[in-house]
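Engineer: Fold the following for me, if possible:
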Amino acid sequence: MFENRAVRWLRRGLILIVLAPSIAFAQIPTIVPEHCRAGAAKTCGICDIAQLAQNTINAGIYIAIFLAAFLFAYAGWQYITAGGDSGKATNAKKIFWTVGVGLVLILAAWLIVDIIMKTLVSEGALFGPWNEVC
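Structural biologist: This is a model prediction of the structure:
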């Protein structure tokens, strides 16, 4: 009985999460730069490729942070509902640890790529986004 109710609430929550941007009239950011869409693709340059890379990285970071928040909440729920069962509590702690390490790795990778690109693009570009050098 409890599992059926939990599954129904989980399904309702996921539907709400999926519909929330359209309810709030939020726009999903586009990855392809404005000059490179459909008919204007002839005006794309090397700077637009850098902008495309930056937009892709940003979208990946947004998705990773959203999924990490969801998984932290799931692990917290598992930990709270463990009810003294050490196996469930250990599994929840393992989820917390794995998600935390994964999030740190993703953000560290972004930082490393950002520093390398700033160094390669320009000596004076160590402050601000590297893709605005063009």
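
Engineer: Does V113 touch I57 like I think?
Structural biologist: Yes: using Cβ atoms under 8 Å, V113 is in contact with I57, at 7.2 Å. From N, CA and C alone the C-beta is placed, and that goes for glycine too.

Engineer: Can you pick out the residue with more neighbours from these two?
Structural biologist: I57 (17 against 14; other Cβ atoms under 10 Å).

Engineer: My guess is the more buried one contacts L111. True?
Structural biologist: No: contact criterion Cβ under 8 Å: I57 and L111 do not qualify, at 11.0 Å.

Engineer: What helices and strands are in contact with whichever strand or helix holds A92?
Structural biologist: Under the criterion of DSSP states H and E, A92 resides in helix 86-121. Here helix 86-121 touches helix 46-80, going by 3 or more Cβ pairs under 8 Å, 6 or more residues apart in numbering; DSSP states H and E.

Engineer: which of the residues in the helix holding A92 are buried?
Structural biologist: A89, A92, I95, F96, V99, L103, I106, M117, K118, V121 (16 or more other Cβ atoms under 10 Å).

Engineer: Looking at these, spot the one nearest H35.
Structural biologist: Nearest to H35 out of these is V121 (Cβ to Cβ; 19.5 Å).

Engineer: If I look at the closest one, what pLDDT would I see?
Structural biologist: V121 is assigned 66 on the pLDDT scale.

Engineer: now do I112
Structural biologist: 83.

Engineer: Distance of it relative to T81?
Structural biologist: Taking Cβ to Cβ, to the nearest Å as the measure, I112 falls 38 Å from T81.

Engineer: where does L111 sit relative to I63, distance-wise?
Structural biologist: Where I63 is concerned, L111 sits at a distance of 18 Å (Cβ to Cβ).

Engineer: mind checking pLDDT for A50?
Structural biologist: So, for A50, pLDDT stands at 74.

Engineer: Also the one 5 residues further on?
Structural biologist: What the model reports for N55 is a pLDDT of 79.

Engineer: The nearest residue to it once chain neighbours are set aside sits in which helix or strand?
Structural biologist: Leaving out its chain neighbours, the residue that sits closest to N55 by Cβ to Cβ, 6 or more residues apart in numbering is I31, at 4.5 Å. Under DSSP H and E, no helix or strand contains I31.
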